[in-house]
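Enquirer: Sharing a model that was predicted from the sequence below.
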Protein chains: 2
Amino acid sequence: MPEYKVVTSDIDPKDAVLVSPENNQQIVTQAKFTLAFKGAEEKVGQVFKLKCFLEEDEIGLSQVMMNKLGITEGEKVRLQSIGRTISRSFPLIKQRITQPGRMFTKNEIDQIISDITLDNMTPLEESVFLTSQMLQEWSIGEIECLTNAIAHSGQMINWGDTVIFDKHSLGGVPGNKVTLLVVPIIAAAGLTIPKTSSRAITSPSGTADTMEALGCKIEFTIDEMVDIAHNIGGLIAWTGGLNIVPADEKIIRDVQYPLGIDPEPMMMASVISKKVAMGVKFLVLDIPTGYGTKVASLDDGKRIAHRFAELGRLLGIRIESGITYGSSPVGNAIGPGLEAREALTSLMNPLEAPHSLVGKSTSLAGILLEMAGKAIAGAGQEMAYEILNSGQAYQKFQEILEAQNAEPDLKPENIEVGSATYDYLAPQSGYVVEINNKVIVRAARAAGAPMDKRAGVYFHKKKDSVKRGEPLFTLHAPSEKKLSAAQAELTKGDLPVTIEGMLLARE
Amino acid sequence: MPEYKVVTSDIDPKDAVLVSPENNQQIVTQAKFTLAFKGAEEKVGQVFKLKCFLEEDEIGLSQVMMNKLGITEGEKVRLQSIGRTISRSFPLIKQRITQPGRMFTKNEIDQIISDITLDNMTPLEESVFLTSQMLQEWSIGEIECLTNAIAHSGQMINWGDTVIFDKHSLGGVPGNKVTLLVVPIIAAAGLTIPKTSSRAITSPSGTADTMEALGCKIEFTIDEMVDIAHNIGGLIAWTGGLNIVPADEKIIRDVQYPLGIDPEPMMMASVISKKVAMGVKFLVLDIPTGYGTKVASLDDGKRIAHRFAELGRLLGIRIESGITYGSSPVGNAIGPGLEAREALTSLMNPLEAPHSLVGKSTSLAGILLEMAGKAIAGAGQEMAYEILNSGQAYQKFQEILEAQNAEPDLKPENIEVGSATYDYLAPQSGYVVEINNKVIVRAARAAGAPMDKRAGVYFHKKKDSVKRGEPLFTLHAPSEKKLSAAQAELTKGDLPVTIEGMLLARE
């Protein structure tokens, strides 16, 4: 058994390895022993402060590591500095930041994305890459390279001769169950639309969550997905199950989600890389604008639409955008179960469905129908209405339900929603001028959404006139406890609903 | 003992807590159980990939944590999402990045630095703050606030009526033992210069390392430091021992050191915050320019000098800068032991000392003597020469050695240097036109510097004509093994020394 000696005092544990003094071989990497410092359990993701929990001549090793190394407690060990570890791509990122006019080449972007995919880059390095994208202009050519590199970081799907259509929303609007109407309309028109969707990250329900509330299986292998799409023209699968764009997933997990940042080059590459990997050729992009969305104004929406179209041209994807109103929820329902009910009801009885839901769904579907040459210019939405009103879309949706292991004759009232309810009453008479999406989202999430599919909010009045005391919306929660938590969110700051003439504050 | 149930599949462990299902109380925070995942020892600082090492319905807890919670292996537990944790300061940092023309207020900067000091901000958040400083202009008023906030994050030193002088170098030049001459010259002139210095981070020796090679104690309490400075006018202490500017230390450790970035606002605040905390009133700043330093050109050096002067005016510190040549080592010795020998020899026999060392030391000391009114404008360097040549500086240095627990009559030849040596011979005759600092630094560090005080490089020829086969420099290492490692660095890329007319490469 080797002799060990302690020489820790001058070395930051982050930069040290434990070595055998006999042959100078590294035997424990930095991570292995920093982790093992006493108190380390309090400090993951933080810096380890040696002084705080150990004497100056002590280091800590886990019992497992001590057994592995044949070291017993009290024995002396030797540490050796290994210096900084910086990925080979990081100098490129620094150059792009510090050298005026420096742009990335295709090879450089490929290398950066490869380092991210292979776990060679630390989250700290990745955050510099993302932060610089918030402050530096990226050329559309650089974004093309970024998109392609991310697309090729995982599985690429080959559809043979089948032309693939798709619909994507930049998000930020609660209640946006539009996909559940667009997919069956497009598939019913004879086109192929294998839609992949995410679960909610910050919203009360993602499309994948809403599909689960309908009892659908959403995790497929690529072969299963291709089969269903070839057979019935459409499905709504969960992106996460498919091993496409792992680089995108890693960047989101390491930096974008923890920091809540979404710089435009990465946002565009994130959306379109999935389409490249999925083999999409025609895409309609929903760009919601307004308070709480990613796009502040109509002008900014137009600018982003043009950039996406240009990116699509470089990548061989035709992209058209619909810039939509995003300051109010779409339809009346928010939360997986309530949204599933509303989507299913709307497919079954489109004439009684909320105008905001049917109007948005048919306009986006109409753009795709025109792009496909199924409808002449200007007649797409009309055709989408016909497919919806004739029951063809509902019939196609039943096929999708069946293909995704759900009950095709599912009744909306059989979808479970939270039985603990609270009616929020109009504090005065007047006209509803604004719904504060952020407050509504917080309340729905406090009620348990999206994890608990029964939680959510249902609006009785949106842009309507109301009488004092009438219910504006109902909170649904799975328990009284969750309901109280959701109610509490309604009184924490801004009012959930603004009625014309209302005094907002008095100071 | 409570019953537990596993519901891990949808939750990223980063964002979860372990809760008791009985009362919904959080019992283990995210850090505590992410750390405990099997294989976590491989992954500190990285994202934990649940799927890689555990079954989908398993989580791992350390034995310690299981004992603490009264859980036995195989028992079921419940996880609950806690969402993102973002510090209260981070939205301010995002606003500064995304809103055109947005500047920080004093209160905002105070809040950010307070969050950093109190460990409320993650390294990921800090890296966004630092990266934005690489890409956005900071006003001098913002830098003033940053400097003050960092200064007030730790101990502030009160000197009463004593006026404090100081010297600081922006660094990047190997062999820069100038401080060991400047401090005794200034103290011998009757001024007070309690110099605090760092250990080497990326160089072969920091001033603190060189002082240790002289046998000096460098870690003092503030009271001890104040006592010595009052009694003999000068000392050279290690900054790290004093608990000043902990916010600066944390930023360096979390972001600047791991990423190797040093944006100008932070660089300025880092230097001057220490001076504010130390109560400095007159500062001479050494700004080395040239390849390998932080300042690329003389013009850039002047710009930075003016910015420092302006920052000093706002903070009540008079700052004058000397822009110095930084492309070659200062003096002939590099590495703690060799530099200690050279500094001591130069104090004892200044007439035989290297011109680059004595010239630089007296010019910087001269600026301070003029600022203090000890010498009239233009006569400062002459006065510094006199103090040095008359032996007064050496006498003061002996007092400093004694005050710092070293032997005042220490002989240079008694300072140990590595006995394993290698002479690098001139490959051709000619004139030495360039020394490649980066190669020399790599070799000295490979030989063991700064941790092993005996390791280093000693130059026989710098800007001289040489004959083929003459030794240009000697490597010193504590062992033959270390010597081989250092020799290997000399042949890895660029030549260590360029001789006029030399063919650098042939392809």
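Expert: Here it is on my side, so go on.
Enquirer: mind checking the longest strand of chain A?
Expert: strand A:280-289 (DSSP state E).
Enquirer: What average pLDDT does that one get?
Expert: On average, the pLDDT along strand A:280-289 is 95.
Enquirer: Just after that strand, pick out the following helix or strand.
Expert: Next along the chain after strand A:280-289, taking DSSP states H and E as the criterion, comes helix A:298-315.
Enquirer: Mind giving me the packing neighbours of the next helix or strand after that following helix?
Expert: Reading on from helix A:298-315 to the C-terminus, the next helix or strand found by DSSP H and E is strand A:318-325. Secondary-structure packing of strand A:318-325 (3 or more CB pairs under 8 Å, 6 or more residues apart in numbering or on different chains; DSSP states H and E): strand A:280-289, helix A:298-315, helix A:355-371. Where C-beta positions appear, they are placed from N, C-alpha and C, glycine not excepted.
Enquirer: near chain B, which residues of the stretch 201-350 of chain A show up?
Expert: The stretch 201-350 of chain A comes close to chain B at residues A:Lys250, A:Arg253, A:Asp254, A:Val255, A:Tyr257, A:Pro258, A:Leu259, A:Gly260, A:Ile261, as judged by CB under 8 Å from any CB of the partner chain.
Enquirer: from these, which would you call buried?
Expert: Neighbour counting by 16 or more other CB atoms under 10 Å in any protein chain shown classes A:Lys250, A:Arg253, A:Asp254, A:Val255, A:Tyr257, A:Pro258, A:Leu259, A:Ile261 among these as buried.
Enquirer: Any idea how many residues pack against A:Ser205?
Expert: A:Ser205: 31 surrounding residues under other CB atoms under 10 Å in any protein chain shown.
Enquirer: Distance from the chain centre to stretch A:162-174, please.
Expert: How far stretch A:162-174 lies from its chain's middle: 13 Å, per CA atoms, centre = their mean, to the nearest Å.
Enquirer: So which bits of that stretch are buried?
Expert: Under the neighbour-count criterion of 16+ other CB under 10 Å, stretch A:162-174 has A:Ile164, A:Phe165, A:Asp166, A:Lys167, A:His168, A:Ser169, A:Leu170, A:Gly171, A:Gly172, A:Val173, A:Pro174 buried.
Enquirer: show me what contacts the fifth one?
Expert: When contacts are counted by CB atoms under 8 Å, 6 or more residues apart in numbering or on different chains, A:His168 touches A:Val271, A:Lys275, A:Leu283, A:Val284, A:Leu285, A:Asp286.
Enquirer: so the second one sits right up against A:Ile317, yeah?
Expert: In this case it means A:Lys275. Yes. Contact criterion CB atoms under 8 Å: A:Lys275 and A:Ile317 qualify, at 5.9 Å.
Enquirer: Can you give me the neighbour number for A:Arg313?
Expert: 13.
Enquirer: Next one, pLDDT for it please.
Expert: Model confidence at A:Arg313, given as pLDDT, is 98.
Enquirer: That one and chain B, how far apart?
Expert: 28 Å (CB to the nearest CB, to the nearest Å).
Enquirer: which one of the buried residues of stretch A:162-174 sits closest to chain B?
Expert: Proximity of the buried residues of stretch A:162-174 to chain B (CB to the nearest CB) peaks at A:Gly172, which lies at 15.6 Å.
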